[in-house]
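**Student:** Quick one: sequence plus predicted model below, questions after.
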Amino acid sequence: MLEKVFHLKELHTDVKTEIIAGFTTFMTMAYILAVNPSTLGASGMDPTAILMATCLASFFGTLCMAFMANYPFALAPGMGLNAFFAYTVCGSMGYSWKVALAAVFVEGIVFILLSLTNVREAIFNAIPSTLKLGVSAGIGLFVAFIGLQDGHLVADQGATLVTYVDFRATWHQAGVCALLALIGLMVIAILYIKKVPGAVLIGILFTWILGMIMEAAGVYVPDPKNSFYSVIPSLGLTDFSAIGKTAGKAINGFGEIKGGGILNFAIVVFSFLFVDIFDTIGTLVGCSEKAGFLDKDGKLPNIKGALMADAVATSVGALLGTSTTTTYVESTAGVGAGGRTGLTAVTTGVLFLIAILFAPVFTAIPGFATAPALIFVGFLMVSSIVKINFSDLREAIPAYLAVIAMPLFYSISEGIAIGVVSYVVINVVCNLISDEKKKITVLMYVLAVLFVLKYIFIPR
């Protein structure tokens with residue numbers, strides 16, 4: 001039955017590999033179970049309700065991806081989008097969280113319509129192949145940078161912005177975390193080189209176990225005030241009735257929109273829409289390129305199913321009580337572990353569902369344990385840069401700008417924006433002053449104009 005549904009042999013994989021990949025993806029994403037309640041909680045929402053909504057939305061969205069597209073990509077409430085929800089829409093713009101949920105719900109409906117009319121697919125296909133390679137490499141650096149932060153290997157540093165952690169001054173917290181992250185990275189690298197199945201997952205578990213030993217021995221000392229929590233899991237159950245505090249409240253949010261507020265509400269919807277569409281496209285490009293799913297023209301077969309899964313999950317997630325549900329770049333960890341089908345996604349989705357019962361266990365997975373996986377996956381993704389033809393500067397420079405923009409601007413969508421705008425500007429000017437003409441699609445012109453307008457009118 002699994003073969004019939006997921007075509008395992010055709011995609012050169014097996015059940016064991018897919019399940020291990022699903023576990024790996026979940027382990028690298030589990031932080032959202034702790035982060036999302038904390039972030040959205042700033043808007044006044046109940047943290048336990050957010051946790052349940054996060055698990056349910058992730059389960060639903062990831063299963064949609066599995067059965068609509070048969071891809072090993074997982075979905076969950078997006079980082080950055082949840083911060084925009086809590087701190088911009090509910091914070092500086094002054095909307096209630098119910099209105100913000102209503103905006104996310106509408107965004108999802110718009111996405112469904114765009115997916116049905118092939119608009120999102122057309123945008124994906126309009127991006128030149130070279131730029132897609134740059135996006136993949138840029139996401140690799142972005143993921144690696146996230147891993148360096150999660151592992152406490154980088155620290156704030158005045159004029160230079162970042163530097164390496166001071167191991168001696170912060171030994172019992174950040175110092176030991178950074179050391180464990182480095183050990184985990186070496187374990188994953190060596191196991192991967194030796195072609196050990198599940199190398200990434202083994203590295204995560206090994207690093208976590210070392211962390212528990214360090215805490216038990218008093219080397220690692222939790223400091224919750226500074227976000228250094230115990231890594232030893234505790235058993236506990238979730239209050240299931242809490243979901244009623246957020247479920248269905250998006251509908252109530254429509255009743256809070258008053259006359260003149262409709263225009264502002266539309267701006268909020270468009271803001272969610274704009275960021276999400278390019279984050280999703282960028283993630284699909286990066287994950288698909290690494291997994292070898294893109295065809296010779298740089299197109300993704302059955303992309304409509306993947307985009308539809310993302311769109312439906314967004315609206316359902318809003319009804320459950322969480323911010324925009326989107327495809328996660330951490331899916332590349334599962335791809336790196338060998339995941340190639342929807343069975344990987346099913347495994348990840350089921351684990352999110354189980355997490356509702358044992359949330360304290362899963363939320364104990366420390367950042368320094370998943371950091372090595374993200375750093376190593378960054379290496380696997382950045383390798384796509386060698387496929388870029390650097391002798392064609394009109395193609396290579398925009399790709400390069402996309403690569404550096406993603407980690408330095410800390411945003412996949414911003415990297416795509418810089419890549420698209422620079423591609424259009426460089427090639428339009430070169431077409432005017434050179435005999436060698438390069439064709440630019442109409443949609444690329446449209447995207448470039450939209451990105452420029454976004455920087456002018458849409459709040460960060």
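**Tutor:** That came in fine, so what should we check first?
**Student:** From now on I want contacts and neighbour counts done on CA atoms only, so please keep to that.
**Tutor:** OK.
**Student:** give the contact list for Ala86.
**Tutor:** Under the criterion of C-alpha atoms under 8 Å, 6 or more residues apart in numbering, the contact partners of Ala86 comprise 39-43, 97.
**Student:** Go again with 7 Å.
**Tutor:** By C-alpha atoms under 7 Å, 6 or more residues apart in numbering, the contact list for Ala86 reads 39-40, 42-43.
**Student:** can you check Ala306 too?
**Tutor:** If you count contacts by C-alpha under 7 Å, 6+ apart, Ala306 has them with 65, 68-69.
**Student:** Quick check: which element contains it?
**Tutor:** helix 303-320 (DSSP states H and E).
**Student:** what's the answer for Val106, then?
**Tutor:** Using DSSP H and E, Val106 falls within helix 97-116.
**Student:** Tell me the first helix or strand C-terminal of that helix.
**Tutor:** Per DSSP H and E, the first helix or strand lying C-terminal to helix 97-116 is helix 119-126.
**Student:** Buried ones in that next one, by neighbour count?
**Tutor:** Residues of helix 119-126 classed as buried by neighbour count (16 or more other C-alpha atoms under 10 Å): 120-121, 123-126.
**Student:** Leu141: which of those is nearest?
**Tutor:** Nearest to Leu141 among the buried residues of helix 119-126: Phe124, at 21.0 Å, using C-alpha to C-alpha.
**Student:** circling back: pick out the lowest-pLDDT one from the contacts of Ala306.
**Tutor:** The lowest pLDDT within these belongs to Ala69, which sits at 92.
**Student:** Count the residues that sit near it.
**Tutor:** The tally of other residues near Ala69 (other C-alpha atoms under 10 Å) stands at 22.
**Student:** What's the per-residue pLDDT of the residue nearest to it when sequence neighbours are not counted here?
**Tutor:** The shortest distance from Ala69 to any residue other than its chain neighbours is 4.7 Å, reached at Gly305 (C-alpha to C-alpha, 6 or more residues apart in numbering). At Gly305, the predicted lDDT confidence score is 90.
**Student:** pretty sure Gly305 is touching Phe67, no?
**Tutor:** No. Counting by C-alpha atoms under 7 Å, Gly305 stays clear of Phe67, with 8.5 Å between them.
**Student:** Helix or strand for Leu195, just tell me which one.
**Tutor:** One thing to correct before we go on: residue 195 is Lys, not Leu. Lys195 belongs to no helix or strand, assigned by DSSP H and E.
**Student:** Could you pull up the residues touching Ser43?
**Tutor:** Ser43 neighbours (C-alpha under 7 Å, 6+ apart): 86, 90, 97.
**Student:** Try it again at 6 Å.
**Tutor:** Taking C-alpha atoms under 6 Å, 6 or more residues apart in numbering as the definition of contact, the neighbours of Ser43 are 86, 90.
**Student:** Let me see the confidence value for it.
**Tutor:** Per-residue pLDDT puts Ser43 at 88.
**Student:** show me where pLDDT drops low in the chain?
**Tutor:** 80, 92, 197, 235-238, 258-261, 263, 359-360, 362-363, 458-460 (pLDDT under 70).
**Student:** Name the residue most distant from the centre of it?
**Tutor:** The outermost residue of the chain, judged by C-alpha distance from the chain's mean C-alpha position using C-alpha atoms, centre = their mean, is Asp435 at 41.9 Å.
**Student:** Can you tell me how far that residue is from Ser391?
**Tutor:** Remark: distance between Asp435 and Ser391 (C-alpha to C-alpha, to the nearest Å) = 18 Å.
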